[in-house]
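Novice: Quick one: sequence plus predicted model below, questions after.
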Amino acid sequence: MAIAGDDDKLRWCGEIGFDTAINYKKATDLTAAVKESCPQGVDIFFDNTAGPIHDAVMKNLSIGARVIICGRVALAGQFGKPDIGERFMGHLIVTRASIHGFLVFDWWHRRDEARDANIDGSRQCAGAPPVKSSKLPPAAPPSR
C-alpha cells in the first residue's frame, strides 16, 4: 500500500508495483482507508511522516509487524520537543510489533551501492536496462 497526497504520485506507485494506494488528502477517514487497503493488517511500515499517517497505520498493524521510523516530516517544527498525539504502547504489545529507527548515517559506508540500486530501479521503471557500473562521482560525506 502506498500513501501520498498527490494522485500522480499514487499512479506512479501503481506502476512500480504497489497493490493499493491512498490519497491522504482526500481520505475522509485515513484509519478506515488503511484498514480497507490492508484488511489483514500492515506487515511492514516505513515511516517518514509521523503525524496522522503514522497514527492511522499504527492502528492497523498485523501480528508481528515491523515498523521502521526514518523521519518525522509532519512534526518538523517540533524538533527537540516531546511527541504529541496518540500513544500506541498497548497496541504494540498486542501485535508483538517491533520498531527500529533508521538513520542514513548508519549506512553511509554503503551509499554508492544504494545510489546505484536507485539508479537501476529508476531506469527499469522507465523501461531502460540497468547500468553495469555507475559513472557518477562518489557521494559527498554527511555533514553533521
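Specialist: Yep, it's here. Residues are numbered from 1 along each chain as shown.

Novice: tally of neighbours for residue 20?
Specialist: Neighbourhood size, residue 20 [other C-beta atoms under 10 Å]: 15. C-beta: built from backbone N, CA, C; applies to glycine.

Novice: which residue sits closest to it in space, ignoring its chain neighbours?
Specialist: Leaving aside its sequence neighbours, residue 20 sits nearest to residue 37 (C-beta to C-beta, 6 or more residues apart in numbering; 4.1 Å).

Novice: separation between the one you found and residue 13?
Specialist: Distance, residue 37 to residue 13, by C-beta to C-beta, to the nearest Å: 12 Å.

Novice: overlap in contacts of the two?
Specialist: residue 21 (C-beta atoms under 8 Å, 6 or more residues apart in numbering).

Novice: The most centrally placed residue in the chain: helix or strand, and which one exactly?
Specialist: Geometric centre of the chain, nearest residue: residue 46, 3.3 Å, by C-alpha atoms, centre = their mean. Taking DSSP states H and E as the definition, residue 46 sits inside strand 42-47.

Novice: Kindly indicate whether residue 83 is helix, strand or coil.
Specialist: Following DSSP: H, G, I helix; E, B strand; the rest coil, residue 83 is assigned to coil.
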